[in-house]
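Asker: Dropping a prediction and its sequence here:
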Amino acid sequence: SQPQPLQGKKIMITAGPTREAIDPVRYLSNHSSGKMGYAIAHAAQALGANVTLVSGPVSLSTPDKVKRVDVNSAEDMLNAVMSDIDHQDIFIGCAAVADYKVEQVATDKIKKSAEHMQLRLARNPDILATVASLDNKPFTVGFAAETSNVIEYAQGKLERKNLDMIAANDVAIQGQGFNADNNALHVLWSGGQHNLPTATKTELARQLLQLIIERMDNDENS
Ligand code: C5P
């Protein structure tokens, strides 16, 4: 069997989209398939980690020996994350969390009448930034899906959200990012970066975890 560099380490990963209810039958969401997060969960388990996967609604099967917690909204996801974040060594926020929720969720199905209608939205909590602000924070990794100025925006996010690492991908490139089986990542941390060229999400997950292991070893020895 392969080496187990994550033996004894606890890792929590968020994956998939969130759903923000409008009324009992409708919601706002996005095109995240969860494939990248699930690939990371699978790879981390294979490297010996104890894996918790906090997942929005996706149609993927749970990787072997991974603890999966299903959630719907961003608020649910935050609660699930915070209830088990103590003692995690690594946190990877791979979920495409909705930035906004519907301010007043209707208790009954909304009827159509007027030609126009408006939904008032309110900001959702930032799960990744919340984890990164903890006193005893795990090694915290974010994702940045961008359509332009990928590295620049990711660098800003790394600093603003106080992350240990960020993996940026250009979702405007055909066949990469949302719902695709392939992806390419620019990985940045304070003082370094590494380009992971186009590969399957399975392969990229392994490579990303390898970079995380190197950075954690480096931090421990400094
Ligand atoms: O700022 P932006 O949404 O682009 O940041 C993306 C990163 O932040 C991803 O790692 C995503 O999982 C995380 N995020 C989060 N909670 C939010 C919004 C984004 O954890 N409400």
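Answerer: Here it is on my side, so go on.
Asker: how about the nearest residue to the residue nearest to the spatial centre of the chain, chain neighbours excluded?
Answerer: Among the residues of the chain, the one closest to the centroid is residue 94, at 1.4 Å (C-alpha atoms, centre = their mean). Residue nearest to residue 94 in three dimensions, not counting chain neighbours: residue 37, with 3.6 Å by C-beta to C-beta, 6 or more residues apart in numbering. Where C-beta positions appear, they are placed from N, C-alpha and C, glycine not excepted.
Asker: Now do the contacts for the residue nearest to the centre of the chain.
Answerer: Taking C-beta atoms under 8 Å, 6 or more residues apart in numbering, we find residue 94 in contact with 13, 14, 15, 36, 37, 40, 143.
Asker: tell me the secondary structure for residue 2?
Answerer: coil (DSSP: H, G, I helix; E, B strand; the rest coil).
Asker: Now do the longest helix seen in the chain, average pLDDT.
Answerer: Of all segments of type helix in the chain, defined using DSSP state H, the longest is helix 201-220. Confidence for helix 201-220, expressed as mean pLDDT, is 95.
Asker: Would you mind putting the CA coordinates of it into CSV?
Answerer: Only the C-alpha atoms of helix 201-220 are listed here, as CSV (Å, rounded to 0.1, in the frame of the first residue of the first chain):
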residue,chain,number,x,y,z
LYS,A,201,-9.3,16.1,-10.4
THR,A,202,-8.1,12.8,-8.8
GLU,A,203,-4.5,13.5,-9.7
LEU,A,204,-4.7,17.2,-8.8
ALA,A,205,-6.2,16.3,-5.4
ARG,A,206,-3.1,14.2,-4.7
GLN,A,207,-0.7,16.9,-5.8
LEU,A,208,-2.5,19.6,-3.8
LEU,A,209,-2.3,17.4,-0.6
GLN,A,210,1.4,16.9,-1.3
LEU,A,211,1.9,20.6,-1.4
ILE,A,212,-0.1,21.0,1.9
ILE,A,213,2.1,18.3,3.5
GLU,A,214,5.3,20.1,2.4
ARG,A,215,4.0,23.4,3.7
MET,A,216,3.0,21.9,7.1
ASP,A,217,6.4,20.2,7.5
ASN,A,218,8.0,23.5,6.6
ASP,A,219,6.0,25.4,9.2
GLU,A,220,6.7,22.8,11.9
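Asker: by contact count, what packs against it?
Answerer: helix 35-46, strand 90-93, strand 139-146, strand 165-170, strand 182-189, strand 192-200 (3 or more C-beta pairs under 8 Å, 6 or more residues apart in numbering; DSSP states H and E).
Asker: Compute the first-to-last residue distance for stretch 43-61.
Answerer: Counting by C-alpha to C-alpha, to the nearest Å, you get 14 Å between the two ends of stretch 43-61.
Asker: Kindly report the same for stretch 7-26.
Answerer: Taking C-alpha to C-alpha, stretch 7-26 runs 42 Å from one end to the other.
Asker: Now do the buried residues in that stretch.
Answerer: With burial defined by 16 or more other C-beta atoms under 10 Å, the residues of stretch 7-26 counted as buried are 9-20, 22.
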